[in-house]
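Engineer: Fold the stuff below for me.
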Amino acid sequence: MAEFVGAIDQGTTSTRFMIFDHGGSEVGRHQLEHEQILPRAGWVEHNPVEIVERTNAVCQSALNSTGLSASDLAALGITNQRETTVVWNKRNGRPYYNAIVWQDTRTDRIASALERDGRGDVIRRKAGLPPATYFSGGKIQWILENVDGVREAAENGDAIFGNTDSWVIWNLTGGPNGGVHVTDVTNASRTMLMNLETLDWDDELLGFFGIPRQMLPEIKPSSLAEGYGTTLANGAFGGEVRITGDLGDQQAATVGQVCFSPGEAKNTYGTGNFMLLNTGHELVRSESGLLSTVCYKFGDEPVVYALEGSIAVTGSAVQWLRDQLGIISGAAQSEALAKQVDDNGGVYFVPAFSGLFAPYWRSDARGAIVGLSRFNTNAHLARATLEAICYQSRDVSEAMTKDSGVTLDVLKVDGGVTANELCMQIQADVLGVPVSRPVVAETTALGAAYAAGLAVGFWKSTDELRENWNEDRRWTPQWDPEHRDAGYAQWKKAVQRTLDWVDVG
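Structural biologist: Here you go, the predicted model:
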């Protein structure tokens, strides 16, 4: 009997393949970064062909390094950067354009037009989302309107769309030779095109963006016993493995953190930050700038919804210190540099590179560093960058409490930035509640594995998954309330300085 489950985590900056045993412990992984293509200010793209090549390479390398083969895997789960939009030719598999990444802001005029004429209210009601550059619908419209030949190809059924889960599954299952064109409810709920109540593409919403229905993948549950398709015998796995789990990355992390009960929440620290609160079978409409979204749907069981606070730039702000400013050589060095000072020295950094997401939803905002004096050093900027991650998470936490009435007792955290212990201490200080990191910090891949394994009976129930969760480290608040309130008040002032910077038509 196969003793392991595999998970592909196709993320914003890299793709990894991880292998887990029945206890939820990692037994192997390989990870490769891909290029961030920045053609002009506000534009962010990836090469979809490179993503497929990296996916194949990490799967092969992880299997080779562990001495495992396709027959050792009971199932395969996929998780992915959500909203990132690929349009390709189903006959030859060639993308018509680079993938337009979720951070990209080129569709700001599309979003503004939707808001001006009242269609935004319909999108909020049906899709649970504000009209924003973040989501896939506007990106598809942009490709249809700006890339030669795509509109005609879409009308005749040759041009098809998918977030990167659909793109990876299609390629793994045959590509032009019988590849399966599917997505799951969590990814579909991030497009502005799916009705949250019917869990199907909505013709009125499709009409808003001028998107032919035949472009879209078939929507499936997040965990499916019969699977979405099977990997090719001569493909990356060197054998057939059934793909039975598919979740957008933040929903996957929620599953990996075993937040299966209403009121349970997690915060993932990656390229951006994403806090999700399980609201059970109730679709909660946000009044405070959060998103209503699908949390997961396992097989024939009723759908579970969530409230989400999405923050565009957190870990990628640290990457910016490394790549654009050159003041650190690696992400780990940000902690050592920030530790050289006791506080931020009056400096606040609001990394609104892609505008501001939750709870503000301001595409006119741009990044700002405020409070500088001759006294300040690169260490203060490094500290302010870590604090920005934590203050943005507090913004979302406050909105979540307003919408749901749930006050956090503890915040479960995961993702790469949680390795930065100073940042996690600052997070506890800024929120005023303990912060808990699990033993397996890469809960995104783990959640995809859980969804896949549940589908085939590798794990019998979510109760069995709860038994796998173990705390690795807990941080408790050290700031007094006066310090906490003063810091947050200054942060809110800094946010105001970023607004109305870009004219959005």
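Engineer: what's in contact with the helix or strand where residue 125 lies?
Structural biologist: Assigned by DSSP states H and E, residue 125 belongs to helix 119-127. Outside helix 119-127, the residues within contact range by Cβ atoms under 8 Å, 6 or more residues apart in numbering are 114, 129-131, 189, 191-197, 202, 204-205, 208, 285. For every residue, glycine as well, the C-beta is placed using N, CA and C.
Engineer: Now do that helix: distance to the chain's middle.
Structural biologist: Distance of helix 119-127 from its chain centroid, counting by Cα atoms, centre = their mean, to the nearest Å, is 22 Å.
Engineer: ditto for stretch 104-118
Structural biologist: 22 Å.
Engineer: next one: stretch 417-427
Structural biologist: Worked out by Cα atoms, centre = their mean, stretch 417-427 lies 19 Å from the chain centre.
Engineer: need the longest helix for this structure.
Structural biologist: Of all the segments of type helix in the chain, defined by DSSP state H, the longest one is helix 378-404.
Engineer: Which strands and helices lie in contact with that one?
Structural biologist: strand 265-269, strand 273-280, strand 304-311, helix 315-320, helix 331-338, strand 348-350, helix 421-431, helix 481-497 (3 or more Cβ pairs under 8 Å, 6 or more residues apart in numbering; DSSP states H and E).
Engineer: Mind checking the pLDDT average for the shortest one?
Structural biologist: Looking at strand 348-350 alone, the average pLDDT works out to 96.
Engineer: Kindly report the same for the fourth one.
Structural biologist: Averaged over helix 315-320, pLDDT sits at 90.
Engineer: The fifth one now?
Structural biologist: Averaging pLDDT along helix 331-338 yields 89.
Engineer: quick thing: my sequence starts at 33, can you match it?
Structural biologist: Let's use 33 as the start, then, which means that last one is helix 363-370.
Engineer: elements contacting that helix?
Structural biologist: By 3+ Cβ pairs under 8 Å, 6+ apart, helix 363-370 packs against helix 347-352, helix 410-436, helix 453-463.
Engineer: let's see it at 6 Å
Structural biologist: Other elements packing on helix 363-370 under the criterion 3 or more Cβ pairs under 6 Å, 6 or more residues apart in numbering; DSSP states H and E are helix 410-436.
Engineer: Report the next helix or strand after the helix it packs on in sequence order.
Structural biologist: strand 443-446.
Engineer: Please tabulate the helices and strands packed on helix 410-436 in CSV, including the columns distance to residue 107 and mean neighbour count.
Structural biologist: As requested, those are exported to CSV (distance: least, Cβ to Cβ, whole Å; neighbours: other Cβ atoms under 10 Å):
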stretch, distance to residue 107, mean neighbour count
strand 297-301, 23, 27
strand 305-312, 24, 25
strand 336-343, 21, 26
helix 347-352, 29, 22
helix 363-370, 32, 18
strand 380-382, 42, 25
helix 453-463, 33, 22
helix 513-529, 44, 15
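Engineer: now the ones you listed as CSV including distance to residue 431?
Structural biologist: Supplementary listing: these in CSV, determined by distance: least, Cβ to Cβ, whole Å:
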stretch, distance to residue 431
strand 297-301, 12
strand 305-312, 9
strand 336-343, 6
helix 347-352, 21
helix 363-370, 27
strand 380-382, 17
helix 453-463, 13
helix 513-529, 13
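Engineer: Nearest to residue 69, out of those?
Structural biologist: Closest of the helices and strands packed on helix 410-436 to residue 69 is helix 347-352, at 14.4 Å (criterion: Cβ to Cβ).
Engineer: okay, the closest one in CSV with CA atoms only?
Structural biologist: The C-alpha trace of helix 347-352 is given here as CSV (Å, rounded to 0.1, in the frame of the first residue of the first chain):
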residue,chain,number,x,y,z
GLY,A,347,7.3,38.9,2.6
SER,A,348,7.8,40.5,-0.8
ALA,A,349,8.8,43.7,1.1
VAL,A,350,11.7,41.8,2.6
GLN,A,351,12.5,40.5,-0.9
TRP,A,352,12.5,44.2,-2.1
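Engineer: Run through who's touching that helix.
Structural biologist: 302, 303, 363, 366, 383, 417, 449 (Cβ atoms under 6 Å, 6 or more residues apart in numbering).
Engineer: go with 7 Å
Structural biologist: With Cβ atoms under 7 Å, 6 or more residues apart in numbering as the test, helix 347-352 has contacts from 301, 302, 303, 304, 363, 366, 383, 417, 420, 448, 449.
Engineer: ditto for stretch 119-135
Structural biologist: Applying Cβ under 7 Å, 6+ apart, the contact partners of stretch 119-135 are 44, 69, 76-81, 113-118, 166, 171-172, 174-175, 179, 182, 185, 190-193, 196, 207-208, 344, 386.
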